[in-house]
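Enquirer: only geometry, no sequence info:
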């Protein structure tokens, strides 16, 4: 079985699918078995039907199309019976379906058999296609399905969502996703002008629905009822509400039904893993999924296999092919996540999954903090790179769960280095300002949180930074927390610098360098304050700056620590 990946770029008769159309024409001309696969509602059937209709002079003389209409599989040989009815023109009960009779009904000339949307009868389709290719040497088969058949001579074209990225330099055309959206809007509003704010809103809408063609078209229909900015705002909250009353296939009348069609075809264990994994936002590893999903009938060691099957059905997106140098990571599409969270709540398992997610975030933050403190900065940041979306969702949920506040705040404070050193100041400050009002001010975590929030605020709002320090100072003194006291002094130095008082800043940095214990974790070492002192002194006392630019012997001098 050979696979041909598709990026979703290009434009043509099917907007945004020029490259895929050309690739499918080539595959059909060169191979006997071609399968078009992809996630829910990416346009598999539309692409296949359009390409076949545009190839009247293909390597066949007639086309036999069978579209499976039902959501359920039906009985044994149900697909064969449907094929028999199409070939002979007479209804055939599935119990009476005869393979030999069907084969004899095929014309002797070259034939293209188009089996459309065979997911409900996937197992039968595998055997039937294999038998037909053997029995009819001049037969070619085109299949659309969310999963490959898995046959040896099968050539697979995988459809991805439409790209939302710009086409590149030298062209004024919008991205394929935006181009489809604009075309559908203009179909109902001929005076629509795609420029300025309207184009920005259109791009945001396409990003929010992750380039899914059905979602883009459903969203475009909504522009007849609400302005673009309101549509984008509502889609930012959730997107399962997108729907259309038009007589398209039933499962395509709403985004929720399109995703639900995949859910119906999953066995019970896959549904459970789908629901539990939906608590994870962004990319996650198999180990993380096993921690969150295991329990009941779900064995931890089987979770990777379940994830692979969900990825094959288009519910999950793997980060790369298995067997690479990094562990396989997965990401659930946003529409699938929303659907899975609904099922998770219905099953009464949301609270347990949220607890496990938060515990995972706390443990990951603790490990990353340890790696940072022991000099493994790259490993620490690498561990966190794909966890931040899940981390953010855990913090948002903690705001509404009093029992989660302390754990979430602990994790946020542990990642002080990430917010400060990796240009995530606003993200870290937002987390802290959400959680700190929910924690008692004399709690040790609140002390650490307030000075860290002050540090993250000092560069943009010195008044707010001072107010945060005023809250941290009394509790730090009462607790005798030298590390917190010294770090408060360090932030006071930054505030003084921004207020153009270099001498006061130098005094604060000196105090911080003297007070912070060399071995203290959870924040900058005294070497950072020592360096800040030297830089500040250079403004008014260069000799002292040269003297103080090196920390005392034995002081930790790891950069960024």
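Expert: Everything's here; your move. Please read these numbers as outputs of a predicted model, since none were measured by experiment.
Enquirer: Provide a list of residues in contact with residue 214.
Expert: With contact taken as Cβ atoms under 8 Å, 6 or more residues apart in numbering, residue 214 is in contact with 40-43, 252, 255, 258. (Glycine included, C-beta is placed from N, CA and C.)
Enquirer: Quick check: phi and psi on it?
Expert: Dihedral pair for residue 214: phi -60, psi -50, per degrees, to the nearest 10.
Enquirer: on that earlier part again, which two from the contacts of residue 214 end up farthest apart in space?
Expert: Pairwise distances across these (Cβ to Cβ) peak at 13.7 Å, for the pair 43 and 255.
Enquirer: Can you spell out which helices and strands pack onto the helix or strand harbouring residue 404?
Expert: Assigned by DSSP states H and E, residue 404 belongs to helix 402-414. Taking 3 or more Cβ pairs under 8 Å, 6 or more residues apart in numbering; DSSP states H and E as contact, the helices and strands that helix 402-414 lies on are helix 350-373, helix 388-398, helix 425-435, helix 444-457.
Enquirer: tally of neighbours for residue 105?
Expert: 14 (other Cβ atoms under 10 Å).
Enquirer: Quick check: it touching residue 88?
Expert: Yes. Between residue 105 and residue 88 there is a contact under Cβ atoms under 8 Å: 5.3 Å.
Enquirer: Could you dump the helices and strands packed on helix 402-414 into a markdown table and include distance to residue 413 and mean pLDDT?
Expert: Putting these into a markdown table (distance: least, Cβ to Cβ, whole Å; pLDDT from 0 to 100) gives the following:
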| stretch | distance to residue 413 | mean pLDDT |
| --- | --- | --- |
| helix 350-373 | 9 | 95 |
| helix 388-398 | 12 | 94 |
| helix 425-435 | 8 | 95 |
| helix 444-457 | 5 | 94 |
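Enquirer: if we can go back for a sec, which one of the contacts of residue 214 is nearest to residue 507?
Expert: For the contacts of residue 214, the residue nearest residue 507 by Cβ to Cβ is residue 255; the value is 60.1 Å.
Enquirer: tell me the contacts of the closest one?
Expert: By Cβ under 8 Å, 6+ apart, residue 255 lies in contact with 41, 209, 212, 214-215, 218, 239-243, 335.
Enquirer: wait, what's in contact with the nearest residue to it once chain neighbours are set aside?
Expert: In space, and not counting its chain neighbours, residue 255 is closest to residue 242: 4.4 Å by Cβ to Cβ, 6 or more residues apart in numbering. The contact partners of residue 242, by Cβ under 8 Å, 6+ apart, come to 209, 215, 218-219, 222, 235, 254-256.
Enquirer: Just the ones of those in strands?
Expert: Taking DSSP state E, every one of the contacts of residue 242 sits outside strands.
Enquirer: how long is stretch 157-167 end to end?
Expert: End-to-end span of stretch 157-167 (Cα to Cα, to the nearest Å): 22 Å.
Enquirer: Report the buried residues of that stretch.
Expert: By neighbour count on 16 or more other Cβ atoms under 10 Å, the buried set for stretch 157-167 is 157-164, 167.
Enquirer: I'd like those residues written out as TSV, with distance to residue 518 and secondary structure added.
Expert: As requested, the buried residues of stretch 157-167 are arranged in TSV below (distance: Cβ to Cβ, whole Å; DSSP: H, G, I helix; E, B strand; the rest coil):
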residue	distance to residue 518	secondary structure
157	61	strand
158	55	strand
159	57	strand
160	52	coil
161	52	coil
162	55	coil
163	51	coil
164	49	coil
167	54	coil
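Enquirer: Sort those by pLDDT and name the bottom one.
Expert: Of all these, residue 167 carries the smallest pLDDT score, 72.
Enquirer: May I ask you to confirm that that one is in contact with residue 179?
Expert: No. Look at residue 167 against residue 179 with Cβ under 8 Å: they stay out of range, at 9.0 Å.
Enquirer: could you pull out the strands for the chain?
Expert: Under the criterion DSSP E, strands of the chain are mapped to 2-5, 33-38, 62-67, 111-116, 139-144, 155-159, 283-285, 316-318, 329-332.
Enquirer: Flag whichever of those has the least confidence on average.
Expert: Looking at the strands of the chain, the bottom one is strand 2-5 with a mean of 55.
Enquirer: Domain ranges for the chain, per the record?
Expert: The chain resolves into domains spanning 2-159, 187-255, 266-348, 453-561 when parsed by automatic domain parsing.
Enquirer: closest to residue 411 out of these?
Expert: Using Cβ to Cβ as the measure, domain 453-561 is the one of the domains of the chain that comes nearest residue 411, at 12.2 Å.
Enquirer: Check the gap between residue 447 and residue 478 for me.
Expert: From residue 447 across to residue 478, the span is 9 Å (Cβ to Cβ, to the nearest Å).
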